[in-house]
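>>> only geometry, no sequence info:
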């Protein structure tokens with residue numbers, strides 16, 4: 001339907017209230033997405049080469065580190081990566097995927 005043509009069946013008051021509730025919720029949880037949706041502009045996409053460059057840098061660092069650092073430093077870096085970096089990265093990834101709601105405990 002063309003945007004200039006009138007809608008033959010306007011929304012009821014109850015339907016408008018439901019849409020307003022959904023809109024308020026979206027603005028509270030992800031304002032950037034809600035604004036992009038309201039404006040009809042898709043959210044900015046990440047450049048695919050950034051992920052590739054980051055992965056290549058990480059692999060290179062892992063390959064070179066044992067050659068230039070003493071073994072105690074290599075073990076310390078590995079421990080920090082396993083105990084801090086990896087779990088934090090997984091939580092951030094899950095939140096970006098929408099599988100973790102940080103406000104879930106507050107709503108109960």
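Received, thanks. Just so you know, these numbers come straight off a predicted model, no measurement behind them.
>>> tell me how far the residue sitting nearest the centre point of the chain lies from residue 90.
Note on the chain: the residue nearest the mean C-alpha position is residue 96, at 2.3 Å, using C-alpha atoms, centre = their mean. For residue 96, the distance to residue 90 equals 11 Å [C-beta to C-beta, to the nearest Å]. Just so you know, the C-beta spots here come from the backbone N, C-alpha and C atoms, and that holds for glycine as well.
>>> please apply the same query to residue 55.
16 Å.
>>> what ranges do the strands span in this structure?
Listed in chain order, the chain contains no strands at all (DSSP state E).
>>> so, low pLDDT: which residues of this structure?
Scanning the chain for pLDDT under 70 picks out 1-7, 40-46, 99-108.
>>> pull the longest helix from it.
Secondary structure assigned by DSSP state H gives helix 48-68 as the longest helix of the chain.
>>> quick one: list the elements packing against that one.
Counting contacts by 3 or more C-beta pairs under 8 Å, 6 or more residues apart in numbering; DSSP states H and E, the secondary-structure elements packed against helix 48-68 are helix 71-80.
>>> so which residues make contact with the helix it packs on?
Applying C-beta atoms under 8 Å, 6 or more residues apart in numbering, the set of residues contacting helix 71-80 from outside is 65, 66, 69.
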